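S.K.: Provided below are the primary sequence and the corresponding predicted coordinates.
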Amino acid sequence: MGSVTTERLPRVRASELVGRGWLNTGGRDVTLAGLRGKVVVLDFWTFCCVNCLHVLDELRELEEAHRDVLVIVGVHSPKFEHEADPAALAAAVERYEVHHPVLDDPELVTWSAYAARAWPTLVVVDPEGYVVAQMAGEGHASAIAALVEELVAEHDAKGTLHRGDGPYVAPAPSSGTLRFPAKAIELPGGNLLVADAGHHALAELGPDGETLVRRIGSGERGLTDGGPDDARFAEPNGLCLVPEQEREAYGFDVLVADTANHALRGVRLADGRVTTVAGTGEQFMVGGVENVVLADEGGARRLGPFDASATYDPLDVKLSSPWDVAWSDELGGFVVAMAGHHTLWAFDGWKLGLLAGTMNEGLEDGPGASAWFAQPSGLAVAGDGATWVADSETSALRRVTGLGGGVAVVPEGVEVRTAVGQGLFDFGHRDGPADQALMQHPLGVATLPDGSVVVADTYDGALRRFAPTAGEAGSVGDYTSGTRLAGEVTTLATGLAEPSGVVVQVGEGPDGEPQVHLLVVESAAHRLTRVALPASLAGEVLDGGAHRTQRPVTDIEAGPLWLDVPFVPAPGQKLDDRFGPSTELRVSATPPELLLSGDGTGVELGRDLVINPEVREGVLHVTARAASCDVVPLGPDGEPDPDVFPACHLAQQDWGVPVRVVDRGEPGDVPELTLPLRG
């Protein structure tokens, strides 16, 4: 039962592409027969998934380099109910600059035909219509590039390769002051600064939220420092104003989470100058090799696996899709929501370190060192020092306390508690007691003057309010780890177009009393919208129902189960054990009782599990990674060329597999669950 293989799959004819319709094709349907003669890569994705967005970026260069022989087809198989809306999908295809045909697969028909089990999943089909590879997760760009070159050479020689344009038809460009804005902040003087993600720039608007004052950034995707006309961003999201007393020390006024650049950028408002202050521009891959400077070891440099127990020179460590940033007086620095690998980080301008999270995706409360997040995308610091987190993939609102240790990695005393949210697969629009309330992929959060919290409930198109039970908001460190926060959830506004950020503005009402307005970033409507709050701040109690992700449930028999995660190094590559074991497999379950044995971490990409017959359903959490490197050419002496250092490539994926436990049948071979990492 070896887990690392090197042969191609048996020749299996690719299943037809079936769905509701097509985007980016000029209204025409695409068939596999019509793609015969091309190398085809099917990219199963959903637009909520940050890993899927990473893969879109990984494929861009490959797509441009081989447009005459390669056709990438996005198969959009939605996780959330909102993602099944065809208008929302069309907006996402535009937002993320998808330049290939996209099949709308809301019923997961094509997803099921290809036995996909994870977002993202990639399937390579040869010019004769046969599946030659299937892989899950990120980090496969080099493998696909090598496989494309191999298939092109093979089918060019056979005469089965057809060069020429593919079926992609570019949509008409859109225009407007803002394009898919993400977050906003209020500047000194009353102007507003907006992360104009679709324009890869920042937009400064007047107090009315409409008048354009200036742009910072050229509007071209890229990572370039400089003045406002030359600097480049890539899908910026979070913004944070540096406290006035700290601006001289930092040398900039606003910190920007430059998401698709995997970087933090500093902006000087006086002249609009942009400077990269953290990140290398490359994406951090869990388990990857880092070339970093340890800030707490006097600038010593070392090459090796990432060390979660160290702080780093901010410009020498890779980040992964930072989505929001917030200043914490208690921390003495910024909290960074690192959506790409499900963690929170701390940054003080000179050091960068892990603050909370294990890089596993899920909903687990407790000490920061063991808590799980799932694509944290919104941050707000309350008056009591607690940091509220919009944890998007679990549709959750979380609270992090105990940040007084400063910028030290996972400092003692950090605790994570959940107020709203049930897990990766449960969502909806339901108000009431917090432990029963539901949201749908929230991206923004802010605190209100009374200590309650407003959430931009993005995929429900709503603003929600969480009011903690009296005594909860200020309780720091006096509770048992893992207990939920008590409170009530209500709805403040509905009918919004993917609200992704909220700015709380307190002004004077007509009667001279303080009046609170919420400035909402309506991302899909390309605008800012003001919402006046009722004096009571209470909101309505609504129940739009509960939903579960409609992924096919996998039936598994109680008792022994063999978990197999095949991995095939790409052509011209081999497994890379220069910095330790080349593979790693982590297995856990929700509930934990689902597994009688087999949980934990090991180096083999295959494992014997034992499924508990008394637990009838749950989720298997499987995380796999595999490191490979280029094969070094031999020199004249027959030895590897010492002047060539082989490039390292890392593939990784997290699976959350919903399972239903069935009774074991007649005795026989141990059943298998196969999750191809690259096979």
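M.R.: Yep, that arrived. Quick caveat, the model's predicted, so the values are computed rather than measured.

S.K.: can we go C-alpha only for contacts and neighbour counts from here?
M.R.: Fine.

S.K.: burial measure for the residue lying closest to H54 once chain neighbours are set aside, as a count.
M.R.: With C-alpha to C-alpha, 6 or more residues apart in numbering as the criterion, H54 has its nearest non-adjacent residue at 7.1 Å, and that residue is E138. Per other C-alpha atoms under 10 Å, the neighbour tally for E138 reads 25.

S.K.: separation between E138 and T601?
M.R.: Per C-alpha to C-alpha, to the nearest Å, E138 is found 20 Å from T601.

S.K.: which residues touch L17?
M.R.: For L17, the contact set (C-alpha atoms under 8 Å, 6 or more residues apart in numbering) comprises V30, T31, L32, L103, T110.

S.K.: My error: substitute Q573 in the last question.
M.R.: S628, C629, D630, V631.

S.K.: phi, psi of it?
M.R.: phi -130, psi 160 (degrees, to the nearest 10).

S.K.: Find the residue closest to it in space, skipping its chain neighbours.
M.R.: D630 (4.4 Å).

S.K.: which intervals of the protein have sub-threshold pLDDT?
M.R.: Applying pLDDT under 70 to the chain flags residues 1-10, 287-305, 405-411, 471-482, 509, 512, 534-545, 548-550, 579, 632-647.

S.K.: ranges for the helices of it?
M.R.: Counting by DSSP state H, the chain has helices at residues 50-65, 86-95, 109-113, 141-158, 247-250.

S.K.: helices and strands around the shortest one, which ones?
M.R.: Think helix 247-250. Of the remaining helices and strands, none touches helix 247-250 by 3 or more C-alpha pairs under 8 Å, 6 or more residues apart in numbering; DSSP states H and E.

S.K.: Quick check: buried residues in that helix?
M.R.: Y250 (16 or more other C-alpha atoms under 10 Å).

S.K.: how about it as CSV, C-alpha atoms only?
M.R.: Provided in CSV are the C-alpha atoms of helix 247-250 (Å, rounded to 0.1, in the frame of the first residue of the first chain):
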residue,chain,number,x,y,z
ARG,A,247,3.5,57.4,12.7
GLU,A,248,7.0,59.0,12.9
ALA,A,249,8.5,55.8,14.2
TYR,A,250,6.9,53.6,11.6
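
S.K.: Residue numbering should commence at 59 henceforth.
M.R.: Got it, the first residue is 59 from now on, which makes the last one we talked about helix 305-308.

S.K.: what's it in contact with?
M.R.: Residues from elsewhere that reach helix 305-308 (C-alpha under 8 Å, 6+ apart): D311, G407.

S.K.: mind running it again at 10 Å?
M.R.: L299, V300, P301, D311, V312, G324, R326, V335, D406, G407, W408 (C-alpha atoms under 10 Å, 6 or more residues apart in numbering).

S.K.: Run the chain-centre distance for it.
M.R.: From the chain centre to the centre of helix 305-308 is a distance of 31 Å (C-alpha atoms, centre = their mean, to the nearest Å).

S.K.: returning to that earlier point: got a winner among the contacts of L75 for most neighbours?
M.R.: Sorting the contacts of L75 by how many neighbours each has (other C-alpha under 10 Å) puts L161 first, at 26 neighbours.

S.K.: I'd guessed that one sits against L81; true?
M.R.: Yes: with contact defined as C-alpha atoms under 10 Å, L161 reaches L81; the gap is 6.6 Å.

S.K.: All set, thanks.
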